[in-house]
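Q: Pasting the sequence and the predicted model now:
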Amino acid sequence: MRDFENQVVVITGAGKGQGRSHALAFAQRGASVVVCDIGEQLPCASAMATMEQLEETVRLVESVGAECVGIQADTRSTADMKRLVDTAIDRFGKIDVFVANAGIAAFGPVSEMPYDVWRDVVDINLGGVATSIRAVVPHLIERGAGRIVATSSAVGREGGPNNANYAASKWGVIGFVKSLAIELAPHGITVNAFSPMSVSTDMCHNQLTYGLFRPDLDEPTRDDVKDTFAGLNPMRVPWLELSDASEAVLFLASSSARYITGAALDVAGGWNAFHSA
Amino acid sequence: MNEYSVAGRVAVVTGGARGLGKSIATALAAAGADVAVWDGPDWSDAPLAYSLASKAELDETVAELGGLGVRAVGESVDVRDLDQVVQATAATVAQLGRIDILVCAAGVRSCVPASAMTDDQWNSVVETNLHGTYHAIKSALPHLTASGAGRIVVVAAEEGRRGAASLSHYSAAAWAQIGLVKSIAVESAEAGIAASVVCPGPMDTAMSRTEEFWALAQAGRDGVVPVTVPNQADAEHALRVRHPSNTTYAAVDAVRDAVLFLAGQPGLDLTGAVLDVSAGLASMNTA
């Protein structure tokens, strides 16, 4: 199926993980892709992508026969996001789909959380999502078409103990997305949030996250945390595979979803069935 | 019987110099709580269509509270600035001895579609409403823990329960405030702290007496009704038609009472709750 043929897709945070997976999936279905990543490690976060990894994303996308451009850019910077949008328009003439995916996680109870850990997570996960989307909106309005997908989280649907910074940022994404969906509906543009449970990436598989899930163990392993992760949802699945995430994002960006806007799509093994809405 | 009482407790009310915040501070004082009012920020170039509470208004409010027979202090503070909040917390504890109740009522609103929104507009709302709330909670938390029965009540907004045209920054901040408070509620229960949210609909306060807010109300829920002349009369008519309560505004007194109700809870049974006082708009919420 090459249902994204002749479409131009821009994805933030595509150096690895979900962003890279989305880039490859769009490419396999015919799209040209522009990707960015901050390519820099913030002290509080689990391993973030390097510029080499972003270049690898570009190579992987090209290897399936698609055109791809990758640039270093910080979603918190209005100038960087304008440059990202301009790069896509200069190279491919337009943007059809914008995926605001870049995000980080860092943990701790608020009482012990260093201030930067609150600030970095909220500024990237909420501020960066809004800044990047605001940069592309004028172009999509001009075209009278477009799809915007922002990555929220199952933690954007409930309180997140030891995760208040992340929870606040992901709740905020849903509020922003729903508001924008109303504003952009008359322009033929859909805006949706994607709310996954943990996805099998570096953000999930690292000692910091494992420690959060098994505080009783000194050096918990993947096997040690598996059941704890799985216990969060009634389907008892510990984490999504990347393809589960990309399928959902591509659905929201596809023609099948033309009347879906303002939604927060839960892909969470039924975790969401515990939530009010 | 509710044997817990706010009498004799120490409360902080951010944004308490006027409007809803003042009403809350006054009710807490009338109920016998000592009150610290944090307001009157030194922020002259705020990208807002109305002016913020002045230091003179802050002083006047504190004087009025003092007249109710409780200890009342005022701190000139901009909640966007963590250092100022940390200082205000220390000053409050130095003067009043402790903090038992934190009411985060400081918030700002502008009305602009995301396509036309400046960074300054986004930042002003998110820094004040979300980060300001976090700053206050973060710095008060040790004192609320020491209290043994700390109460946090955050005033978010009805727009934190849905999407809102021309309010994407305000809505995002309110949603995030709810996510923050629910997280705190889980984390801090062990310390005896209750944390909950009140989501008011539009109130008849300075924030709602602007042409841009009137235009927003006149444009309707979809934001597409053409508005030639923004004006209060048409805006208030639109609000009345839209509100299931058939009232123009959510009553300040009703919002105040919801805050007092949550602040005066004897236990943690209501922790993590979101109380909608929204002129009936809550009837359109999924939950």
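A: Yep, that arrived. Numbers count the residues shown, from 1 in each chain, chains lettered A, B, ... in the order given.

Q: Tell me how many other residues crowd residue A:108.
A: Using other Cβ atoms under 10 Å in any protein chain shown, residue A:108 has 18 other residues around it. (Glycine included, C-beta is placed from N, CA and C.)

Q: Tell me, what's the model's pLDDT at it?
A: pLDDT, the model's per-residue confidence, is 92 for residue A:108.

Q: do residue B:287 as well
A: 68.

Q: Spell out which residues of the stretch 1-150 of chain B are next to chain A.
A: Residues of the stretch 1-150 of chain B found near chain A, taking Cβ under 8 Å from any Cβ of the partner chain as the criterion, are B:82, B:113-115, B:117, B:119, B:122, B:126, B:130-131, B:134, B:137-138, B:141-142, B:145.

Q: among those, which are in helices?
A: Within the residues of the stretch 1-150 of chain B next to chain A, residues falling in helices by DSSP state H are B:82, B:119, B:122, B:134, B:137, B:138, B:141, B:142, B:145.

Q: Which residue is the nearest non-sequential neighbour of residue B:142?
A: Setting aside the residues directly before and after it, residue B:142 is nearest to residue A:111 in space (Cβ to Cβ, 6 or more residues apart in numbering or on different chains), at 7.3 Å.

Q: ok, the one you found - contacts?
A: Under the criterion of Cβ atoms under 8 Å, 6 or more residues apart in numbering or on different chains, the neighbours of residue A:111 are B:141, B:142, B:145, B:187, B:188.

Q: Mind giving me the ChimeraX select for the residues you listed, buried ones only?
A: What follows is the ChimeraX syntax selecting those of those that are buried according to 16 or more other Cβ atoms under 10 Å in any protein chain shown:
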select /B:141,145,187,188
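
Q: what's the farthest-apart pair in the contacts of residue A:111?
A: Spanning the widest gap among those are B:142 and B:187, at 13.6 Å by Cβ to Cβ.

Q: And the nearest residue in space to residue B:54 that is not next to it in sequence, how far from residue B:68?
A: The shortest distance from residue B:54 to any non-neighbouring residue, by Cβ to Cβ, 6+ apart, is to residue B:40 (6.0 Å). Distance of residue B:40 to residue B:68, computed by Cβ to Cβ, to the nearest Å: 20 Å.

Q: Have a look at those two and say which one is more surrounded.
A: Comparing residue B:40 with residue B:68 by neighbour count (other Cβ under 10 Å), the higher total belongs to residue B:40, at 25 against 17.

Q: Tell me if I'm right that that one and residue B:60 touch.
A: No: Residue B:40 is beyond contact range of residue B:60, at 10.3 Å (criterion: Cβ atoms under 8 Å).

Q: joint contacts of those two?
A: Common contact partners of residue B:40 and residue B:60 (Cβ under 8 Å, 6+ apart): residue B:17.

Q: per-residue pLDDT, residue 211?
A: No chain specified, so I'll use chain A. At residue A:211 the predicted local confidence, pLDDT, stands at 91.

Q: think we crossed wires, I meant chain B
A: Reading off the model, residue B:211 has pLDDT 98.

Q: so what's the closest residue to it other than its chain neighbours up against?
A: Here the nearest residue to residue B:211 in space, its sequence neighbours aside, is residue B:230; by Cβ to Cβ, 6+ apart that works out to 4.3 Å. With contacts defined as Cβ under 8 Å, 6+ apart, residue B:230 is in contact with B:211, B:212, B:214, B:215, B:218.

Q: can you check residue B:253 too?
A: Contact analysis of residue B:253 by Cβ under 8 Å, 6+ apart lists residue B:23.

Q: how close does the residue most central in space within chain A get to residue A:17?
A: What sits nearest the mean C-alpha location of chain A, by Cα atoms, centre = their mean, is residue A:101, with 2.4 Å. Distance of residue A:101 to residue A:17, given as Cβ to Cβ: 8 Å.

Q: do residue A:194 as well
A: When distances are taken as Cβ to Cβ, residue A:194 and residue A:17 turn out to be 14 Å apart.

Q: Likewise for residue A:112?
A: 27 Å.

Q: Which of these two has more residues huddled nearby?
A: Neighbour count, other Cβ under 10 Å: between residue A:112 and residue A:17, residue A:17 has more, with 26 against 10.

Q: could you show me where the helices are in the stretch 1-150 of chain A, in order?
A: Assigned helices in the stretch 1-150 of chain A, in chain order: A:17-28, A:51-63, A:78-92, A:115-122, A:129-143 (criterion: DSSP state H, counting those that start in this stretch).

Q: CSV please, covering those and showing mean pLDDT.
A: Formatted as CSV, these follow (pLDDT from 0 to 100):
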stretch, mean pLDDT
helix A:17-28, 98
helix A:51-63, 98
helix A:78-92, 98
helix A:115-122, 97
helix A:129-143, 98
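
Q: between these, which one is nearest to residue B:261?
A: Evaluated with Cβ to Cβ, the helices of the stretch 1-150 of chain A place helix A:115-122 nearest to residue B:261, the distance being 28.9 Å.

Q: Could you list every helix and strand that that closest one packs against?
A: Using 3 or more Cβ pairs under 8 Å, 6 or more residues apart in numbering or on different chains; DSSP states H and E as the contact criterion, the secondary-structure elements in contact with helix A:115-122 are helix A:164-184, helix B:132-147.
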